[in-house]
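> Just the structure for this:
(one chain, ligands or ions: 1)
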Amino acid sequence: MNIEDIIYEQKGSLYLDGKNLPGLAKKYGTPIIVYSKRKIQENVGKLRKAFSGGRTSIHFSIKSNYNPFILRMLQGMNVGVDAATPNEVALALKVGFPAEKIIATPNNMSREDLLSITRQGVVLNFDDISQMKLLGDDLPEVVSFRINPGIGRGQFKGIKTGGRGSKFGIPPEVAVKAYRMAKRKGVKRFGIHMMTGSNVLDPSFFDRSSYLFFRIADRIARENGIEFEFLDIGGGFGVPYNIEDKELDVDEVGHYILRNFSKFSSKGQFRDSQLILEPGRFIIANAGVLLASVTGIKRYDNVLVGMDVSMNTLIRIPLYGAVHPVFVANRTSDSRKVSVNLVGQVCENTDILFRSISLPRLEVGDTIAILNCGAYVTSMSSNYNLLARPMEIMIDGSKERVIRRRETVEDILQSFENV
Ligand SMILES: Cc1ncc(COP(=O)(O)O)c(C=O)c1O
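The predicted model follows:
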């Protein structure tokens, strides 16, 4: 990965966009996530360039990060939204996205949940025929299904969402029937969706999965005599988390997907269809650096360095076995390294977050910088042990702005009675 694209070193400290990271940790306290607007813009720009030859629309997957300030920023970059729940739809509408810039792909919703989405004019990808049936005669104007094309890929088993064993979508044969049913019910406008897994760093997988998807869509369209207004290929564009991993070549990914798209367009299909992408991680993961402070050190048979970031924030680590690049932000000139374990404050032994990593010798008060914490960190965090989730700030040129203040215990307890 290209660390220097994110942070750089100067006089013994780490910097992000001209801001001294240990200085920010001291000024605001920790845990804190520092985001770079520059990096978000750059990531959106890379995707735009890679898909510039087609009728492509980018919908940010807000499950990866739903900070309203970030959503407004992305709206200003003319990016739409991919939402997974009625509440995510409600947030997108609240921050000002028009309904036509939102696409929802919910799972196992009730009739009321589904109606709360469709009645706002938001297009929905049904996960199954049974979900469509829940709506009876209240079908939306546009009907779309999530297809399981039979293959999937994800960095971890838990984030592989296509192929055998996946809980998502419907097989192609069933999809043919599903669209036939919708057509019989009088539906005239259609879309189609897939999402086969997250954090994929191999461009050839996108070649294979998109070809399969377009071929399935082509078959469904021909057998039912329908046209698709949009083909939504989901997200999944990966970001390296291991320092030795290569960045995903999104230009190559764009080339494969657009080439496969045009193969079918040249046969007469999808001529007026829009191609939708739903990236989450690619846009926001490497734009966020999580800062922690060292709070205690136990040197017995191994070294346990305690910090104020725990598994309630980095649940990705115990959940998937995820890794993140870690640096000591105030000791970049220390060349002597020792092997340490970084542990958090939660009362679980799964809260050993980084095992046997090589870092400069640490002291209480040092600042730890954990990279790639923009995606699936705050959005997946909890208040386990009544710990506060991280504060968040955005660096925009020379300005820094608090975009989520530090949670208090009153914030955490506010929905309870009799506190
Ligand atoms: C339907 C859907 N779209 C988009 C995404 C975003 O994936 P990523 O963050 O890997 O781009 C997900 C993530 O699981 C998803 O389930």
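> Domains in this protein, by residue range?
Domain segmentation of the chain under automatic domain parsing yields 3-36+285-413, 105-279.
> Quote the end-to-end distance of the shortest one.
So the one you mean is domain 3-36+285-413. Distance across domain 3-36+285-413, first residue to last, is 39 Å (C-alpha to C-alpha, to the nearest Å).
> got a list of what the closest residue to Leu387 other than its chain neighbours touches?
Using C-beta to C-beta, 6 or more residues apart in numbering and skipping the chain neighbours, the partner closest in space to Leu387 is Asn312 (4.9 Å). Backbone N, C-alpha and C define where each C-beta goes, glycine included. Listed by C-beta atoms under 8 Å, 6 or more residues apart in numbering, the contact set of Asn312 reads 344, 346, 381-385, 387, 389.
> Report the rounded mean pLDDT for stretch 331-348.
Here stretch 331-348 scores 96 as its mean pLDDT.
> which residues of the stretch 301-419 of the chain fall in helices?
316-320, 409-413 (DSSP state H, counting those that start in this stretch).
> among these, which is nearest the ligand?
helix 316-320 (12.0 Å; C-beta to the nearest ligand atom).
> Just give me how far the closest one sits from the chain centre.
Centroid separation for helix 316-320 versus its chain: 15 Å, with C-alpha atoms, centre = their mean, to the nearest Å.
> Now do the same for the residue nearest to Leu387: its pLDDT.
For Asn312, pLDDT reads 98.
> Now do the phi/psi pair for it.
When read as degrees, to the nearest 10, the backbone of Asn312 gives phi -70, psi -30.
> what about the residue of the stretch 101-250 of the chain at minimum distance from the ligand, distance to Thr56?
Taking C-beta to the nearest ligand atom, the ligand has its nearest neighbour within the stretch 101-250 of the chain at Gly235, 2.4 Å off. Per C-beta to C-beta, to the nearest Å, Gly235 is found 13 Å from Thr56.
> Could you do Leu248 as well?
Taken as C-beta to C-beta, the span from Leu248 to Thr56 is 17 Å.
> With Val343 instead?
With C-beta to C-beta as the criterion, Val343 and Thr56 are 44 Å apart.
> okay, those two: which has more neighbours?
Between Val343 and Thr56, counted using other C-beta atoms under 10 Å, the more crowded position is Val343 (22 against 19).
> And the helices in the stretch 1-150 of the chain?
According to DSSP H, counting those that start in this stretch, the helices that the stretch 1-150 of the chain contains are 21-28, 37-50, 68-76, 86-94, 111-118, 129-134.
> since we're on the residue of the stretch 1-150 of the chain found nearest the ligand, how many residues are nearby?
Closest approach between the stretch 1-150 of the chain and the ligand, counting by C-beta to the nearest ligand atom: Ser61, at 3.5 Å. Counted by other C-beta under 10 Å, the residues lying close to Ser61 total 30.
> Let me see the contact set for it.
Per C-beta under 8 Å, 6+ apart, neighbours of Ser61: 82, 84, 235, 278-281.
> Save those residues as JSON lines, and put in neighbour count, secondary structure and pLDDT too.
Formatted as JSON lines, the contacts of Ser61 follow (neighbours: other C-beta atoms under 10 Å; DSSP: H, G, I helix; E, B strand; the rest coil; pLDDT from 0 to 100):
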{"residue": "Asp82", "neighbour count": "28", "secondary structure": "strand", "pLDDT": "98"}
{"residue": "Ala84", "neighbour count": "15", "secondary structure": "coil", "pLDDT": "98"}
{"residue": "Gly235", "neighbour count": "27", "secondary structure": "coil", "pLDDT": "98"}
{"residue": "Glu278", "neighbour count": "27", "secondary structure": "coil", "pLDDT": "98"}
{"residue": "Pro279", "neighbour count": "25", "secondary structure": "coil", "pLDDT": "98"}
{"residue": "Gly280", "neighbour count": "24", "secondary structure": "coil", "pLDDT": "98"}
{"residue": "Arg281", "neighbour count": "26", "secondary structure": "helix", "pLDDT": "98"}
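> which one of these is nearest Phe214?
Nearest to Phe214 among the contacts of Ser61 is Glu278, at 16.4 Å by C-beta to C-beta.
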